[in-house]
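Novice: below is the sequence, then the predicted model.
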Amino acid sequence: MILPPQHPLAAGRTTESRLVRAYRGERSDTTPVWFMRQAGRSLPEYRELRVGTRMLDACLDPAMAAEITLQPVRRHRVDAGIFFSDIVVPLKLVGVDVEIQPGRGPVFGRRYADAAAIAELTAIDPASLDERAEPIREAVARTVAELDGIEPATASGASDGSGGATPLIGFAGAPFTLAAYLAEGGPSKDHLAARTLMHADPGAWRALMDWTADLSGRFLRAQVLAGASAAQLFDSWAGALSLGDYERHVAPASARALSHVHDLAYATGDADASGEPATLAVPVVHFGVGTGELLGAMRGVGVDAVGVDYRVPLDVAAERVGAGVPLQGNLDPALLAAPAPVLEDAVRDVLRRGTAAPGHVFNLGHGVPPETDPAVLTRVVELVHEAGA
Ligand code: 1CP
């Protein structure tokens, strides 16, 4: 399906942005940069806005979600916004009993760790998300309308005068990471309940994974159709798995989730071999923590770019994912609190190693720690734009 003409990719507003070009494996005037968890507690303007509003209520308030998404773009002049939401939002929307507890994370009213509980959950039709996703569509549309007026920044933080817009990245949780919460009923360290279930009852596991894949896939599709120019699938906890278990019990469901967005395409302006207008699919990125052993397999589920955590240097990751794959990452978030010269050396090292990939999007190896000084993030953006040219 060709994206609607007003979509930023279809209208050519983000097609040549540094971010989208890097995900296509192209280099621009400089290296694009954004940060996982760039919206949120590191920003005083976020903490102020969130007073008295619960996390999931904030996610489902279109004006608030749009404003929170835009805050770090205005402040840091990053090359992309990441939609302010959470991986459990689609579950909440279809009626699953889930809350996000401050300082803890998603907590469910029960655990989904056996066939009976999973049968109850999967009796909910994932397609019911489509009609309930209006707050998501509205928040994305509001965000994109504002981002349309924010041109990419030069190294000094000034607008570059290109007339282009800042792209929005939509995201969803991968089936395994969602199942890790559902099976446990909340956050866990080793995701033991999910890892047991996939072996103890492969049929129930498969049903749970297919269901979460369809729900997450529809959540992602809604964001792209409403205006997101790229999509990131977060399989944050996949690093808990062996390669064999990942390939057998998880990768097919991640591919299924992404099948919900693979047909969404924009015209490049060129003609293909048969003279028809050439099209490209919306770029998809795949990220997980501690996934050094899985990088090749994660690329294999059908993604354009792979996000790398801080444990594997980008030049090593480039070999593991195979030739021609753009990479995203991977400054250790711990370095944000280190003395400036140490941090700057680390940023330059990430940039140098990132040249091993055809395209590089600078990011952290995981989310921004809440106690991070926001001025340090702004400085990192400037340094990446300056040194990444
Ligand atoms: O009280 C608060 O402010 C809640 C903290 C918070 C925030 C700001 C949570 C609870 N979620 C979010 C937003 C969020 N969640 C974003 C926003 C966009 C941005 O990056 O700026 C994103 C992308 C997510 C996705 C998410 N939620 C992931 C995948 C990304 C990652 O960090 O690995 C995961 C694993 C979650 C679950 C979750 N939600 C919240 C927390 C604290 C957690 C992790 C809990 C755990 O440790 O298991």
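Specialist: Received, thanks. Numbers count the residues shown, from 1 in each chain.

Novice: what sits against I68?
Specialist: If you count contacts by Cβ atoms under 8 Å, 6 or more residues apart in numbering, I68 has them with A39, G40, Y46, L49, R50, A58, F84. C-betas here are computed from N, CA, C, even on glycine.

Novice: and the gap between the residue found closest to it once you drop the neighbours it is linked to in the chain and D270?
Specialist: By the measure of Cβ to Cβ, 6 or more residues apart in numbering, the closest residue to I68 outside its immediate chain neighbours is F84, 4.2 Å from it. When distance is defined by Cβ to Cβ, to the nearest Å, F84 is 35 Å away from D270.

Novice: more crowded one of those two?
Specialist: With other Cβ atoms under 10 Å as the criterion, F84 and D270 differ in neighbour count, and F84 comes out ahead with 22 against 9.

Novice: how many neighbours does the residue in the stretch 1-150 of the chain that the ligand sits nearest to have?
Specialist: Per Cβ to the nearest ligand atom, the residue of the stretch 1-150 of the chain with the smallest distance to the ligand is G105, at 2.7 Å. Counted with other Cβ under 10 Å, the neighbours of G105 add up to 16.

Novice: now the helices for the stretch 101-250 of the chain?
Specialist: Counting by DSSP state H, counting those that start in this stretch, one finds helices in the stretch 101-250 of the chain at the ranges 115-122, 128-132, 134-147, 175-184, 192-200, 202-226, 243-249.

Novice: so which of these is the most packed in?
Specialist: For the helices of the stretch 101-250 of the chain, the stretch with the most neighbours on average is helix 175-184, a mean of 27; neighbours defined as mean count of other Cβ atoms under 10 Å.

Novice: mind checking how far it is from the chain centre?
Specialist: Distance of helix 175-184 from its chain centroid, counting by Cα atoms, centre = their mean, to the nearest Å, is 17 Å.

Novice: the inter-axis angle of that helix versus helix 115-122?
Specialist: Angle, helix 175-184 to helix 115-122, by axes from the mean of the first three to the mean of the last three Cα atoms, to 10 degrees: 120 degrees.

Novice: so which elements touch helix 175-184?
Specialist: Secondary structure elements in contact with helix 175-184, counted by 3 or more Cβ pairs under 8 Å, 6 or more residues apart in numbering; DSSP states H and E, are strand 105-108, helix 192-200, helix 202-226, helix 251-258.

Novice: let's have these in a markdown table, adding mean pLDDT and distance to A238.
Specialist: Formatted as a markdown table, the helices and strands packed on helix 175-184 follow (pLDDT from 0 to 100; distance: least, Cβ to Cβ, whole Å):
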| stretch | mean pLDDT | distance to A238 |
| --- | --- | --- |
| strand 105-108 | 98 | 17 |
| helix 192-200 | 98 | 11 |
| helix 202-226 | 98 | 12 |
| helix 251-258 | 98 | 8 |
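
Novice: can you pull the residues of the stretch 101-250 of the chain lying near the ligand?
Specialist: Counting by Cβ under 6 Å from any ligand atom, the residues of the stretch 101-250 of the chain lying close to the ligand are P102, G105, P106, F171, T177, P187, F234, S236.

Novice: what of the stretch 251-389 of the chain?
Specialist: That would be G367, which are the residues of the stretch 251-389 of the chain within reach of the ligand (Cβ under 6 Å from any ligand atom).

Novice: what's the burial count for the residue in the stretch 201-350 of the chain that the ligand sits nearest to?
Specialist: With Cβ to the nearest ligand atom as the measure, the residue in the stretch 201-350 of the chain that lies nearest the ligand is S236; the distance is 3.3 Å. Burial of S236 is recorded as 22 neighbouring residues (other Cβ under 10 Å).

Novice: contact partners for it?
Specialist: The contact partners of S236, by Cβ under 8 Å, 6+ apart, come to G173, T177, F287, G288, V289.

Novice: how near is the closest residue to it other than its chain neighbours to L364?
Specialist: Here the nearest residue to S236 in space, its sequence neighbours aside, is T177; by Cβ to Cβ, 6+ apart that works out to 5.0 Å. Using Cβ to Cβ, T177 is found at 18 Å from L364.

Novice: likewise P187?
Specialist: Here P187 is placed at a distance of 20 Å from L364 (Cβ to Cβ).

Novice: and A204, by the same measure?
Specialist: Distance of A204 to L364, computed by Cβ to Cβ: 36 Å.

Novice: would you mind saying which of the helices of the stretch 101-250 of the chain lies nearest V282?
Specialist: Each of those was checked against V282 via Cβ to Cβ, and the shortest separation belongs to helix 202-226, namely 5.3 Å.

Novice: can you show me the strands along this protein?
Specialist: Using DSSP state E, the strands found in the chain span residues 81-82, 98-101, 105-108, 168-173, 230-234, 265-271, 277-281, 284-287, 305-307, 327-331, 360-364.

Novice: out of these, indicate the one that is most buried.
Specialist: For the strands of the chain, ranked by mean neighbour count under the definition mean count of other Cβ under 10 Å, the leader is strand 360-364 at a mean of 29.

Novice: may I have that strand as CSV, with CA atoms only?
Specialist: Output of strand 360-364 as CSV, limited to C-alpha atoms (Å, rounded to 0.1, in the frame of the first residue of the first chain):
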residue,chain,number,x,y,z
HIS,A,360,25.0,4.9,11.0
VAL,A,361,22.4,6.5,13.3
PHE,A,362,24.1,7.5,16.6
ASN,A,363,22.2,6.5,19.7
LEU,A,364,22.9,5.2,23.2
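
Novice: since that was my last question, I'll sign off now.
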